[in-house]
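> Quick one, what's the 3D model for this:
(4 chains, ligands or ions: 6)
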Amino acid sequence: MGCETDGVVAALRAAADVVVAHRDELVELDRVIGDGDHGENLRRGFRNFVAAVDRSTPETPAAVFKLLATTLISTVGGAAGPLYGTGFLRAAATIGDAAELTPETTVAALRGALQGVVARGKAEPGDKTMVDALTPAVAAAEAALEAGADLPELLTAAADAAEQGAESTIPLVARKGRASYLGQRSVGHLDPGARSTALLLRAFADVAVKGS
Amino acid sequence: MGCETDGVVAALRAAADVVVAHRDELVELDRVIGDGDHGENLRRGFRNFVAAVDRSTPETPAAVFKLLATTLISTVGGAAGPLYGTGFLRAAATIGDAAELTPETTVAALRGALQGVVARGKAEPGDKTMVDALTPAVAAAEAALEAGADLPELLTAAADAAEQGAESTIPLVARKGRASYLGQRSVGHLDPGARSTALLLRAFADVAVKGS
Amino acid sequence: MKKIINDPSTVVEESLRGMAVAHADLLRVFQDPAVVIRADAPVAGQVAVVSGGGAGHEPLHGGFVGRGMLSAACPGPVFTSPTPDAMMSAISKVDGGAGVLLIVKNYTGDVLNFETAAELAAAEDVDVRTIVIDDDVAVQDSTFTAGRRGVGGTVLLEKIVGAAAERGATLDQCERLAQRVVDNVRSMGIALTAPTVPHVGEPSFTLDDDEMEVGIGIHGEPGRERAPMEPADQLVARLVDAVVEDLPFTDGDRVLLFTNSMGGTPLIELYLAHGIAERLLAERGLTVERRLVGPYITSLEMQGMSLTLLRLDEELIELWDEPVHTAALRWGV
Amino acid sequence: MKKIINDPSTVVEESLRGMAVAHADLLRVFQDPAVVIRADAPVAGQVAVVSGGGAGHEPLHGGFVGRGMLSAACPGPVFTSPTPDAMMSAISKVDGGAGVLLIVKNYTGDVLNFETAAELAAAEDVDVRTIVIDDDVAVQDSTFTAGRRGVGGTVLLEKIVGAAAERGATLDQCERLAQRVVDNVRSMGIALTAPTVPHVGEPSFTLDDDEMEVGIGIHGEPGRERAPMEPADQLVARLVDAVVEDLPFTDGDRVLLFTNSMGGTPLIELYLAHGIAERLLAERGLTVERRLVGPYITSLEMQGMSLTLLRLDEELIELWDEPVHTAALRWGV
Ligand SMILES: Nc1ncnc2c1ncn2[C@@H]1O[C@H](COP(=O)(O)OP(=O)(O)O)[C@@H](O)[C@H]1O
Ligand SMILES: Nc1ncnc2c1ncn2[C@@H]1O[C@H](COP(=O)(O)OP(=O)(O)O)[C@@H](O)[C@H]1O
Ligand SMILES: [Mg+2]
Ligand SMILES: [Mg+2]
Ligand SMILES: [Mg+2]
Ligand SMILES: [Mg+2]
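Ligands and ions are numbered 1, 2, ... in the order given. Here you go, the predicted model:
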């Protein structure tokens, strides 16, 4: 059993709540090795998204992700806005007009999101960015699919991997984004974007688990 | 026995040492109810005076005071520069070309100094200024003269009175100078100019006592 | 104390040296005594406008030396009035034969030193007039006290009188005009932090993170009172009320609004405050005809702001619009 | 946090409102998305020069909107790049049919958002070119990293390209000129204190009273290293050496020296630093032909300074001297 449009909306609303709840944490992480706005930026974007879904009623899962993507692009700014925006845009593209998300389409969507972020930001694993959370998440999701996992299991595997991936940014020297200006001084700190990626995937997984 | 030109120079050199030694104290007093420069200003002026007497050799006590006055006027600035400058200028005028300072001429000089400061600054006793130190000093000197005191005794009486006068400014509300902008908030603080006046008179007295 | 300086005792001298190379086209700088004069001084037949005071209020006064504003400025040590000989040297360098107007901020030190300078200049047959500016409404006025401080109004006074002098006004006319400006300008300021005077080395006063000083001057003197920090709307209303009700400015008045940063308050906050002030003045029926927004009369790095209101008439507006060509203020040809 | 604001979330909007009334003669302000355009835009047949970036660097960019400099500026939230739709709205408002040049400071956020805007504009058949400025020598350059930041050089770039556009240069010419400026300008800065971002509420970093951050950017990012505070002579020499040796500027070069305050450093210190820099450059055989001294690209109330050097040629000098009429930079007719 997959996840239909309502489920996707529910998952993204839950993600919005998580972003709002973790706003200060993300601001603090970004204050230390960046400019202290990551949590503020994402909160602004997700709040605008919630307002947008309240007004419109997207027909398909892809339409929901597209609405999120355009809202993030037009209201977040900073690096995260275009990056997450492009990611969700590519995810939507992979889903096409499917009426529900299956484990297969979900993995494809995650892969699309990663490709979108990399295409825009040119970051590689190890650069201390959100890519370090998203890359292992995609790999874990693919493995779970191989192993015949259902959607909740698959998303949980992705969230677990994303959290580890985020943690793995702590010892890294940033090569992309604002933190790269710090050179060696960026070592020892968790990358805010990697953290927000892990938070989003965990939110999706929790909704899927509860829903099942 | 009175005080000749050399004695006057010695007294003013001693006064210069005292001003330099108390520079920080005067700065701190002025920082609290003024703008923190009184000690810096007086040190600048007296150092310039010492340099000036090293170069020139004033013939009379009046000439020494005149040199001090002009040096203070041209190098101190702020309120204290013109006030002390005018004071010493008037003192010089009262002395005329007398070869030595007697108790009589000293009292006249002190009275002249007070009149000069008041003429320039228009301050009255109780306004929380140097006038509150100089006024009782003059009165005490006059009384000492009546009582037949010699110069050391006379100057010591003046210095004692000036110190009490300075202390008496603590409870006052400033009506003149920078401290007046604080209104009630000037209460509870010693006036820096009254303090420097007391320091100068004590320096003169000490030299006279040692000299006798 | 953290400052970009070498030695507290040479700050003013070194700063003037930098100013001299930065603006060689506009002004010339002399040291010991420190004097800043416009590059083309003396201008024959033109009234010379001279001001001065302690340093630490930059761009005041040196930044206002140039065509259409000041002929000369004498910077004293930080927050300390310069001495009469510096003023004399300035006067003699810029006197163009049409007389000299001294603009003096009302502080005992400035008044007494300029007084002496004026006497010396008069003794040398220079026609000197002195105008004392005392626009700070935070200080209760009284003949028994030192009176009110000269603050933000000084900038407007120097611009307007300088324009008149540039246009060829006589010394009498400049003096009367200056008095009219003084009679129609009022200011008040607040501070969020205290400045640190280089030769003192520690802040002039200390404020908690939720406190502000209300009714401050430009020398790091504490204000009339300490109040809890408040939102910009209230804070600005507090200043507007005090300034407007003092003169008072009344419904229908045309005014120049000068929103000034004390140095450390950035433009983003200053513009925000300016917008509030404009709104409040409009609500009171005042018409803001001209405005000036920026750090023009400061107290070193102090964070805070002041509001200055000048009641305008046609002539004052015309003079305000006249070209000015200085380091800090520049418009027109 | 003590600031003259009402609410961290409305700072930029309220500040722009104040700027709009303060400079109605020069510019027009739109909200949501926030855009500042010159009052006479669009200027038919003239290349439009558009820039933007997070707020908090005032007067950059809005203060440079006007004749002879920027056609439009898009301020984002404090220290956050604006979004493509704001840039699109700016582009459509000022496009005079001769094409649009986007001046982008090299930060991932700014680059990505302007990239998207450029794609959208191109889709609407607007001839858009993008120039990325990355003059900060504190950051090691490398194709594997985000590269160098755009800092002080941005001000000079906007002035010079704006002058060329005003003179009727084509989009190609403006683009080539802009690249020439980028290739010949270098900067470096230090901080004595950290700024406090309104929506963060606490300083971006903390420094002891005897420490400074070296190689800082304009967003409160810590610098490359933390060093003990030092006298102005050493501090300025540190910046001069880093900047001069990076390009490198060599004996005989004619340069523009831009001594910039990060916001909280007062003019008295800035002029002092400028004087030292001029001396050091002269010692290296460089000729300072033009200079700019003041707070022009800031980081809120941060205390600190930056030095920017631009290698000049006749054309660049001519364009620098061309009239400019904006809120923050003004000369010529
Ligand atoms: N080139 C890039 N590729 C992928 N992710 C990036 C890149 N640059 C920055 N990021 C991510 O963006 C995050 C910062 O986002 P945010 O603070 O919102 O933007 P800004 O850095 O413009 O303030 C970083 O923590 C990092 O994970
Ligand atoms: N009108 C006045 N008459 C007499 N003394 C005055 C007057 N105004 C100020 N003073 C004295 O001057 C002192 C301050 O001197 P100083 O700090 O050097 O000058 P400034 O106030 O200009 O910084 C005050 O403490 C006060 O004693
Ligand atoms: Mg950030
Ligand atoms: Mg003082
Ligand atoms: Mg003083
Ligand atoms: Mg940002």
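> Doesn't C:Arg149 lie inside a helix?
No. Going by DSSP: H, G, I helix; E, B strand; the rest coil, the assignment for C:Arg149 is coil, not a helix.
> What count of nearby residues applies to it?
28 (other CB atoms under 10 Å in any protein chain shown). (C-beta placed from N, C-alpha, C; glycine too.)
> what's the answer for the one 3 residues further on, then?
Counted with other CB under 10 Å, residues neighbouring C:Gly152 total 30.
> Does it touch C:Asn260 like I think?
Yes. Between C:Gly152 and C:Asn260 a contact is recorded at 5.2 Å, counting by CB atoms under 8 Å.
> Low-confidence bits of chain A, can you list those?
Scanning chain A for pLDDT under 70 picks out A:1.
> 90 instead?
A:1-3, A:57, A:182-184, A:211-212 (pLDDT under 90).
> Spell out which parts of it neighbour ligand 6.
A:35, A:37, A:78 (CB under 5 Å from the ion).
> In the chain, mark out all the strands, start to finish.
Let's take chain A. Along chain A, the segments classed as strands by DSSP state E run A:3-4, A:100-101.
> looking at chain C here, not the other one
Remark: strands assigned in chain C by DSSP E are C:27-30, C:35-38, C:48-55, C:72-78, C:100-105, C:128-133, C:185-191, C:211-214, C:225-228, C:254-261, C:287-294, C:304-311, C:324-325, C:330-331.
> coming back round to it: now for the strands of chain A, which one comes closest to chain B?
strand A:3-4 (68.4 Å; CB to the nearest CB).
> Just the buried subset of the residues of chain A next to ligand 6, please.
Neighbour-count burial (16 or more other CB atoms under 10 Å in any protein chain shown) is assigned, among the residues of chain A next to ligand 6, to A:35, A:37, A:78.
> of all of the stretch 101-250 of chain C, which residue lies closest to ligand 6?
Closest to ligand 6 within the stretch 101-250 of chain C is C:Ala232: 23.8 Å, counting by CB to the ion.
> Quick one: neighbours of that residue, just the number.
By other CB under 10 Å, 21 other residues sit near C:Ala232.
> Which pLDDT does the model give it?
Looking at C:Ala232, its pLDDT reads 98.
> Pull the contacting residues for residue 79.
Went with chain A since none was named. Contact analysis of A:Ala79 by CB atoms under 8 Å, 6 or more residues apart in numbering or on different chains lists A:121, A:177-178, A:193, D:81, D:107-109, D:112.
> think we crossed wires, I meant chain C
Applying CB under 8 Å, 6+ apart, we find C:Phe79 in contact with B:35-37, C:54-56, C:197, C:219-220.
> ok, which pair from the residues you listed is furthest apart?
Farthest pair in the contacts of C:Phe79 (CB to CB) is B:Gly36 and C:Ala55. Separation: 13.8 Å.
> In terms of neighbours, single out the busier of these two.
B:Gly36 (31 against 27).
> Tell me how many other residues crowd the nearest residue to the more buried one once chain neighbours are set aside.
Of all residues not flanking B:Gly36 in the chain, C:Val200 sits nearest, at 4.3 Å (CB to CB, 6 or more residues apart in numbering or on different chains). If you count neighbours by other CB under 10 Å, C:Val200 ends up with 24.
> Tell me the spacing between C:Val200 and D:Pro195.
Distance of C:Val200 to D:Pro195, computed by CB to CB, to the nearest Å: 25 Å.
> I'd like to check which residues are in contact with the residue of the stretch 101-250 of chain C closest to ligand 6.
Counting by CB under 8 Å, 6+ apart, C:Ala232 touches C:269, C:272-273, C:276, D:4-6, D:14.
> and those as JSON lines, adding neighbour count?
Conversion of these to JSON lines gives the following (neighbours: other CB atoms under 10 Å in any protein chain shown):
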{"residue": "C:Glu269", "neighbour count": "26"}
{"residue": "C:Leu272", "neighbour count": "28"}
{"residue": "C:Ala273", "neighbour count": "26"}
{"residue": "C:Ile276", "neighbour count": "25"}
{"residue": "D:Ile4", "neighbour count": "26"}
{"residue": "D:Ile5", "neighbour count": "21"}
{"residue": "D:Asn6", "neighbour count": "18"}
{"residue": "D:Glu14", "neighbour count": "21"}
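> from the contacts of C:Phe79, which are also near ligand 2?
Applying CB under 6 Å from any ligand atom to these, one finds that B:35, B:37 fall near ligand 2.
> Nearest to C:Ala39 among the contacts of C:Phe79?
Nearest member of these to C:Ala39, counting by CB to CB, is C:Ala55, at 20.8 Å.
> Just to check, the closest one is in contact with C:Glu14?
No. Assessed by CB under 8 Å, C:Ala55 is found out of contact with C:Glu14, at 11.2 Å.
> In the stretch 101-250 of chain C, what residue comes closest to ligand 2?
Closest to ligand 2 within the stretch 101-250 of chain C is C:Gly109: 3.0 Å, counting by CB to the nearest ligand atom.
> quick one: that residue from chain B, how far?
Shown here: C:Gly109 relative to chain B, a distance of 4 Å by CB to the nearest CB, to the nearest Å.
> from the contacts of C:Ala232, which single one is nearest ligand 1?
D:Ile5 (20.5 Å).
> For C:Ala282, see how far away the closest one is.
21 Å.
> what do you get for A:Val50?
For A:Val50 relative to C:Ala282 (CB to CB), the value is 37 Å.
> Counting neighbours, go ahead and name the busier of those two.
Taking other CB under 10 Å, A:Val50 and C:Ala282 do not tie; A:Val50 has more neighbours (18 against 12).
> what's near enough to touch the more buried one?
By CB under 8 Å, 6+ apart, the contact list for A:Val50 reads A:13, A:16.
> Now with 10 Å, please.
Residues near A:Val50 by CB atoms under 10 Å, 6 or more residues apart in numbering or on different chains: A:9, A:12-13, A:15-17, A:20, A:68, A:71.
> how about TSV for the strands of chain C, with distance to chain A added?
Converted to TSV, the strands of chain C look like this (distance: least, CB to the nearest CB, whole Å):
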stretch	distance to chain A
strand C:27-30	39
strand C:35-38	40
strand C:48-55	35
strand C:72-78	34
strand C:100-105	41
strand C:128-133	43
strand C:185-191	26
strand C:211-214	25
strand C:225-228	25
strand C:254-261	24
strand C:287-294	26
strand C:304-311	25
strand C:324-325	38
strand C:330-331	34
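> what about the ones you listed, which gets the closest to A:Ala92?
Per CB to CB, nearest to A:Ala92 of the strands of chain C: strand C:287-294, 46.5 Å.
> Give the other helices and strands that the closest one contacts.
Applying 3 or more CB pairs under 10 Å, 6 or more residues apart in numbering or on different chains; DSSP states H and E, we find strand C:287-294 packed against helix C:153-166, strand C:254-261, helix C:267-283, strand C:304-311, helix C:314-321, helix D:11-22.
> nearest to C:Pro228, of those?
Nearest of the helices and strands packed on strand C:287-294 (CB to CB): strand C:304-311, 15.1 Å.
> Quick one: distance of that closest one to the chain centre.
Strand C:304-311 sits 11 Å away from the centroid of its parent chain (CA atoms, centre = their mean, to the nearest Å).
> What is that strand packed up against?
Contact analysis of strand C:304-311 by 3+ CB pairs under 10 Å, 6+ apart lists helix C:153-166, helix C:171-184, strand C:185-191, strand C:211-214, helix C:232-246, strand C:254-261, helix C:267-283, strand C:287-294 as its packing neighbours.
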